[in-house]
Structure formats: C-alpha cells, structure tokens
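> from the sequence below, what's the structure:
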Amino acid sequence: MEKAQLVFVPAPGMGHIVSAVEVAKLLLTRCHQLSVTVLILNHSSINSKVHSYIESQRASSSIVSTRLRFIDLPKDETELFSFFSFVNSQKSHVKEAVLKITQSDFVSSVDSPQLVGFVVDTFCALMIDVANEFGVPTYIFFTSGAAFLGFMLYVQKIYDEEKFDPTELKDSDAELQVLSLINPFPGRVMPSAMLIKDWFPSILDNTRRFREAKALIVNTFLDLESYAIESLKMPPVYPVGPILDMGSDERNTRKEIMRWLDDQPPSTVVFLCFGSKGSFSQNQVKEIACALEHSGHRFLWSLRRPARPGLLASPSDYEDPQEVLPEGFLDRTTGIGKVIGWAPQVAVLAHPAVRGFVSHCGWNSILESIWFVVTIATWPLFAEQQFNAFEMVVVELGLAVEIKMDYRNDSGVIVNCDEIERGIRCLMKHDSEKRRKVKEISEKSRRALMEGGSSYSCLGSLIKDVMDNLS
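Residues are numbered from 1 along each chain as shown. Okay, here's the model as predicted:
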C-alpha cells in the first residue's frame with residue numbers, strides 16, 4: 001500500500017497540543033503506512049510547558065516516533081486582537097511549511113508519503129483555506145465533547161436565521177432547546193466564549209467552516225455521549241476518545257507531590273486544580289482556604305498566580321503562597337493539606353489517595369477524572385466550561401456535584417467559604433451515588449478503546465477515510 005501523510009495544526013495551548021499528538025499516535029499505531037507532521041503555531045506568550053512537552057515528544061524513542069515529526073513555525077511577536085486573528089496570521093507560515101514538506105519528500109524518495117489531508121484544531125478551521133490550496137480534505141479535531149459541538153452548530157444556525165444574541169440570555173432563566181442535549185439549556189450557563197461581543201463573530205465564522213470539513217474527530221466516546229453523537233448528522237463524526245496523555249507530567253515536580261500522596265490513606269484527598277489557565281483573586285483564594293480548613297478533609301491544592309494581560313498568557317506559580325493565604329493557614333493544615341503550584345494532574349488523579357476533584361471542568365480534565373474514577377465538583381471559569389459543568393457533568397449525565405455552574409472568572413463574584421465547603425463535603429461522601437456512576441462510565445471508557453470497542457472501531461473507520469484520499 002502507498003504511504004500517506006497527514007499535517008496536524010493544533011491550537012498552541014497545552015490541552016490542545018497534547019490531545020492532538022495523542023490522536024496522531026493512535027493513528028500511527030494502527031496504520032503503518034501513515035506519517036504525521038505536527039505544525040506548532042508559535043507565539044511569544046505561549047507557556048513554556050508547551051515547549052517542554054514538544055521537546056519530550058521529539059526525544060521519544062517509541063515505535064511511532066520515526067513517523068511523527070514536529071515543525072516550529074516562525075514566532076509571531078505581534079500582539080493580535082483575538083486568537084482567530086492570530087490563526088489567520090499563521091496561514092502563510094503553514095502554507096510555506098507544507099510546501100517544504102511536500103517538495104523535500106518528493107525529492108528525497110520516489111516512495112515518499114503522499115499528503116492526504118490536514119487535521120486542524122477546533123479553533124483553527126481557517127486552515128481549511130490552506131488545505132484547499134493543496135487539494136486535500138480537512139478533518140476538524142474537536143477537543144471538547146459532542147454535545148458542545150452540537151451546541152456551537154446550533155448557536156451558529158439560530159444566529160444566521162434569527163440574529164440570535166447570546167449575551168441577551170446571560171444571567172437569565174430563558175432556555176434553549178439544543179438538539180445535542182436531552183435537557184433544556186439555561187441561558188445563565190451560556191459559555192463565556194459566547195459572551196465576548198468582539199469575539200462572537202469570529203467564533204461564528206470559525207464554526208461555519210466546520211461544515212466544509214470532510215469529517216470531525218471528537219474526543220469523546222459513545223457510551224458517554226450517545227445522545228449527542230447521534231444528533232450530529234453532517235459532516236461525519238468520529239468519536240475516538242477518551243484521548244488521554246499518561247506520560248507528559250514533569251518528573252521533577254512529581255516526586256515531592258507523589259511522596260506526600262503516598263503518605264495519605266486511600267480515597268481521602270480532595271484535589272483542587274483549575275487547568276493551565278486557571279487562577280483566582282486573593283479574596284477568592286482566602287475563601288477556598290477557609291472552606292478547606294473547615295471541611296477537615298485532606299487536600300492537595302494547585303494554587304497559581306493570575307496571568308499578566310496577554311492573548312495566550314498563563315498563570316505562574318507563587319514563589320511563596322503565604323502572600324495570598326490566610327495568616328497561619330499552612331501551619332494549621334500541616335499534615336492534612338499541601339499547597340503546590342503546577343500540578344502533574346494525570347499522576348495525581350491516578351493516585352489511590354485521591355477521591356474528589358474540584359475542577360474547572362475543562363474537557364480533558366473531565367475525561368481524566370472519569371478514567372481514574374475521581375468524582376468532580378464543578379467550578380467552571382471560562383471558555384466552554386460552564387456548558388461542560390451544567391449539561392455534560394451534572395444535569396445531562398449525573399456524574400458530578402456542584403460548587404458553581406455559572407461562575408465566570410471575569411465576573412468579580414466571590415464564592416463564599418460555606419458554599420465551597422458544602423460542595424467539598426458532598427464530593428467526599430463515602431456512599432456517593434455519583435461515585436458509583438463515575439465507576440460505571442469509567443469501565444465503559446476503557447472498553448471503548450479496546451479492540452471491538454466503539455472508539456476503536458471509529459478510529460478504524462477514520463483511518464479508512466484518510467487512506468481513501470490516496471490518488
């Protein structure tokens with residue numbers, strides 16, 4: 001069989017790049033005629049963790065590493081208005097890189113792989129234009145769930161037909177009948193990304209392009225989102241998840257944290273972590289600290305300093321967390337609690353001492369918590385996290401407890417100590433029905449990836465779809 005090549009264009013965020021690379025590895029493992037080139041969109045404010053991850057992948061000696069390569073695109077120092085304008089500015093760099101790839105492959109060998117398609121991130125649909133120039137189809141890799149994909153397509157449709165304005169539903173009790181959801185969707189948990197007036201037109205433009213793709217690859221699995229998946233008709237959808245990275249945590253940060261977890265009894269620790277972009281004001285930090293202390297539960301808390309303004313800026317670690325914590329908090333909680341900076345999240349969730357997870361409800365974090373049977377308490381911050389928290393986790397599937405559903409990190413609202421403590425106590429109950437449900441869906445998530453499982457079969461169909469592009 002002839003050899004084929006895919007070009008991946010992930011968004012330059014940690015969660016997006018990691019899951020894209022894991023999809024690439026799955027494809028390479030199953031199809032030996034395939035090779036993948038991952039183009040790294042480069043911006044001056046990209047988190048150093050992204051670069052560390054890419055270097056670790058370059059240094060890998062795995063069986064697929066010879067067919068997986070990474071190309072860093074030229075750095076863009078321009079401060080652009082939005083992420084979509086940044087992506088648009090990268091189109092020329094992507095085109096130039098792909099030209100070099102195809103030309104060098106042709107010159108180097110008569111048996112060089114043929115370019116058969118682009119796999120582009122949820123937020124990089126504009127790259128369809130570049131794929132079209134090369135005469136190859138585009139596959140969208142949708143890094144959130146199928147229900148949110150359906151929601152985005154629904155919002156775009158009703159905007160085009162009725163000039164729907166999502167900001168009118170903010171903080172309201174109005175409900176939307178979204179085809180990808182069983183339950184009505186309340187306006188008060190409208191995803192934050194939809195409420196930024198300057199961004200909304202670009203989000204709509206990006207979403208319209210989805211219908212031009214040959215197919216959408218979605219990081220989910222049939223048993224988790226069967227209703228949503230079946231509601232999506234065109235273009236074809238391949239649910240191939242859960243896509244998880246089990247090996248990119250930093251070893252030097254892991255040792256101390258893991259030693260502390262090793263000293264805790266099984267299923268007694270609540271883990272608080274809010275993703276690579278999550279942080280809180282000093283006043284909110286004090287309320288969280290108060291709740292943890294009053295709850296009496298053992299805790300591991302990833303506490304991070306808010307980022308400076310910037311398009312892709314990320315929080316950083318505190319040199320001394322005592323500067324934002326209540327006086328004496330660390331002394332009073334010695335032995336039962338540990339405050340850390342960046343967290344090796346997968347390793348922590350996998351540890352038997354961890355029972356509950358206070359989370360921002362990023363989609364990757366939800367899939368990881370399900371995999372390791374750790375129940376979530378919802379505290380969304382931005383992007384589509386409010387949607388994930390309300391519909392996918394609490395209402396639609398009944399897999400989590402609530403701290404907040406409609407919290408937004410730019411609202412100025414402070415969630416008080418009592419409300420947080422209530423959520424933590426509910427999360428850590430030992431007879432929890434939620435935990436039983438999470439265990440059940442966790443087993444199904446593992447079966448989905450096994451030979452004969454739904455995601456395994458969908459990946460096979462995707463590979464056939466890709467290889468059919470060979471001329």
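> helices of the stretch 251-400 of the chain, start to end?
Counting by DSSP state H, counting those that start in this stretch, one finds helices in the stretch 251-400 of the chain at the ranges 251-262, 282-295, 329-332, 345-350, 363-371, 385-387.
> just how off-centre is the strand or helix carrying Ile54 within its chain?
Using DSSP states H and E, Ile54 maps to helix 48-58. In terms of Cα atoms, centre = their mean, to the nearest Å, the gap separating the centre of helix 48-58 from the centre of its chain is 17 Å.
> got a list of contacts for that helix?
Taking Cβ atoms under 8 Å, 6 or more residues apart in numbering as the criterion, the residues outside helix 48-58 that touch it are 12-14, 17-18, 21, 40, 65, 68, 70, 72, 248, 250, 276, 314, 342. (Each C-beta comes from the backbone N, C-alpha and C, glycine too.)
> mind doing that once more with 10 Å?
The contact list for helix 48-58 (Cβ atoms under 10 Å, 6 or more residues apart in numbering) reads 10, 12-18, 21, 24-25, 38, 40, 42-43, 47, 65, 68-70, 72, 245, 247-250, 276, 312, 314, 316, 342.
> in a helix, Lys100, correct?
Yes: according to DSSP: H, G, I helix; E, B strand; the rest coil, Lys100 belongs to a helix.
> tally of neighbours for it?
Burial of Lys100 is recorded as 11 neighbouring residues (other Cβ atoms under 10 Å).
> what do you get for Arg208?
Taking other Cβ under 10 Å as the neighbour definition, Arg208 ends up with a count of 15.
> on that earlier part again, in PyMOL, select just the buried ones from the contacts of helix 48-58.
For anyone working in PyMOL, the buried entries among those, judged by 16 or more other Cβ atoms under 10 Å, can be selected with:
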select buried, resi 10+12+13+14+15+16+17+18+21+24+25+38+40+42+43+47+68+70+245+248+249+276+312+314+316+342
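> now, which of the contacts of helix 48-58 lie within strands?
Judged by DSSP state E, the contacts of helix 48-58 include Val38, Ile40, Leu68, Arg69, Phe70, Asp72, Ser316 as members of strands.
> beta partners for the fourth one?
It stands for Arg69. On the basis of DSSP bridges, Arg69 takes part in beta bridges with Thr37.
> so where's this structure uncertain?
Under the criterion of pLDDT under 70, the regions of the chain flagged as low confidence span 1, 43-47, 76-81, 105-111, 248-253, 309-313.
> mind giving me the domain split of it?
According to automatic domain parsing, the chain is divided into the following domains: 4-148+203-243+450-467, 251-430.
> columns distance to Val155 on top of the ones you listed, output as a markdown table?
Shown next, in a markdown table, are the domains of the chain (distance: least, Cβ to Cβ, whole Å):
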| stretch | distance to Val155 |
| --- | --- |
| domain 4-148+203-243+450-467 | 8 |
| domain 251-430 | 11 |
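> still on that earlier bit, deepest-packed of the helices of the stretch 251-400 of the chain, please.
The densest packing among the helices of the stretch 251-400 of the chain, expressed as mean neighbour count by mean count of other Cβ atoms under 10 Å, is seen in helix 385-387 with a mean of 29.
> how about residues contacting that helix?
The set of residues that contact helix 385-387 without belonging to it, under Cβ under 10 Å, 6+ apart, is 144-145, 147-148, 151-152, 178, 181, 185-186, 188-195, 274-275, 278, 359-363, 365-366, 378-380, 393, 404-409.
> got a quick PyMOL command for the buried subset of those residues?
Selecting just the buried residues from the contacts of helix 385-387 in PyMOL takes one command, with 16+ other Cβ under 10 Å as the test:
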select buried, resi 144+145+147+148+151+152+178+181+185+186+188+189+190+191+192+193+194+195+274+275+278+359+360+361+362+363+365+366+378+379+380+393+404+405+406+407+408+409
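> what helix or strand is the closest residue to Asp223 other than its chain neighbours on?
Beyond its immediate neighbours in the sequence, the residue positioned closest to Asp223 (Cβ to Cβ, 6 or more residues apart in numbering) is Lys444, lying 3.9 Å away. Using DSSP H and E, the secondary-structure element containing Lys444 is helix 433-449.
> do Leu181 as well
With DSSP H and E as the criterion, Leu181 is inside neither a helix nor a strand.
> report the contact partners of it.
Applying Cβ under 10 Å, 6+ apart to Leu181 gives the contacts 147-148, 150-151, 154, 227-228, 231, 387, 390-392, 395-396.
> same check on Ile336?
Applying Cβ under 10 Å, 6+ apart, one finds that Ile336 lies in contact with Gln264, Thr268, Val269, Leu292, Glu293, Gly296, His297, Arg298, Phe299.
> which residue ranges form the strands in the stretch 351-471 of the chain?
Ranges of strands within the stretch 351-471 of the chain are 354-359, 375-378, 400-402, based on DSSP state E, counting those that start in this stretch.
> coming back round to it: and the helices of the stretch 251-400 of the chain: which comes nearest Glu323?
helix 282-295 (8.5 Å; Cβ to Cβ).
> now the contacts of Leu181 in TSV, with distance to His93?
Formatted as TSV, the entries for the contacts of Leu181 read as follows, by distance: Cβ to Cβ, whole Å:
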residue	distance to His93
Ala147	33
Phe148	29
Gly150	32
Phe151	31
Tyr154	33
Tyr227	40
Ala228	35
Ser231	36
Phe387	32
Phe390	38
Glu391	37
Met392	35
Val395	42
Glu396	39
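> put the buried members of those residues into a PyMOL selection.
A single PyMOL command suffices to select whichever of the contacts of Leu181 are buried according to 16+ other Cβ under 10 Å:
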select buried, resi 147+148+150+151+154+228+231+387+390+391+392+395+396
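> which pair in the contacts of Leu181 spans the largest distance?
Ser231 and Phe390 (17.7 Å).
> nearest to Lys163, of the domains of the chain?
Proximity to Lys163, assessed across the domains of the chain by Cβ to Cβ, is greatest for domain 4-148+203-243+450-467 (11.2 Å).
> span of that closest one from start to end?
Its start and end residues considered, domain 4-148+203-243+450-467 measures 7 Å (Cα to Cα, to the nearest Å).
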